[in-house]
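**Student:** structural data only, the sequence is not supplied:
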């Protein structure tokens, strides 16, 4: 099983980044996919999720209207489009796959730094 994130980097405030997570080794379409983030000295927090079948999405209040989560079940990928980035979005972003709490997998994380 693998979840491999990519797309992180350094961006100026107001800029955009697109994170991707490539999944393998499990039935991707059956899993709810989530993006979490963890800033230095803070707890890991849920940023966004997209459900397995319905494709319904949910977002943290802090990113609503700026971030968009999407998935491609044919390519086993989940993405997070991040616009209007703020310094407080700086964190390590993690991809998570969850099968109704029965089984869960994590990626290794990708660093996002928003700074001028």
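**Tutor:** Sure thing, it's come through. These figures come from a predicted structure and were not determined experimentally. Numbers count the residues shown, from 1 in each chain.

**Student:** mean confidence score for stretch 87-107?
**Tutor:** Averaged across stretch 87-107, the pLDDT comes to 95.

**Student:** can you check stretch 3-11 too?
**Tutor:** The average pLDDT for stretch 3-11 rounds to 97.

**Student:** how close does the closest residue to residue 1 other than its chain neighbours sit to residue 32?
**Tutor:** In this structure, residue 1 finds its nearest non-sequential neighbour in residue 25, 3.8 Å apart by C-beta to C-beta, 6 or more residues apart in numbering. (C-beta placed from N, C-alpha, C; glycine too.) Separation of residue 25 from residue 32 (C-beta to C-beta, to the nearest Å): 17 Å.

**Student:** the spatially most central residue of the chain in helix, strand or coil?
**Tutor:** In the chain, the residue lying closest to the centroid (C-alpha atoms, centre = their mean) is residue 35, at 2.8 Å. With DSSP: H, G, I helix; E, B strand; the rest coil as the basis, residue 35 sits in strand.

**Student:** and if you look at residue 29?
**Tutor:** Residue 29 ends up helix, using three-state DSSP.

**Student:** distance check, the residue nearest to it when sequence neighbours are not counted against residue 31.
**Tutor:** Closest residue to residue 29 apart from its sequence neighbours, by C-beta to C-beta, 6+ apart: residue 73 at 4.2 Å. Distance, residue 73 to residue 31, using C-beta to C-beta: 10 Å.

**Student:** so how far is stretch 17-33 off the chain centroid?
**Tutor:** Distance of stretch 17-33 from the chain centroid (C-alpha atoms, centre = their mean, to the nearest Å) equals 10 Å.

**Student:** repeat that for stretch 73-92.
**Tutor:** In terms of C-alpha atoms, centre = their mean, the centre of stretch 73-92 is set 5 Å apart from its chain centre.

**Student:** one more: stretch 64-81?
**Tutor:** Offset of stretch 64-81 from its chain centre (C-alpha atoms, centre = their mean): 8 Å.
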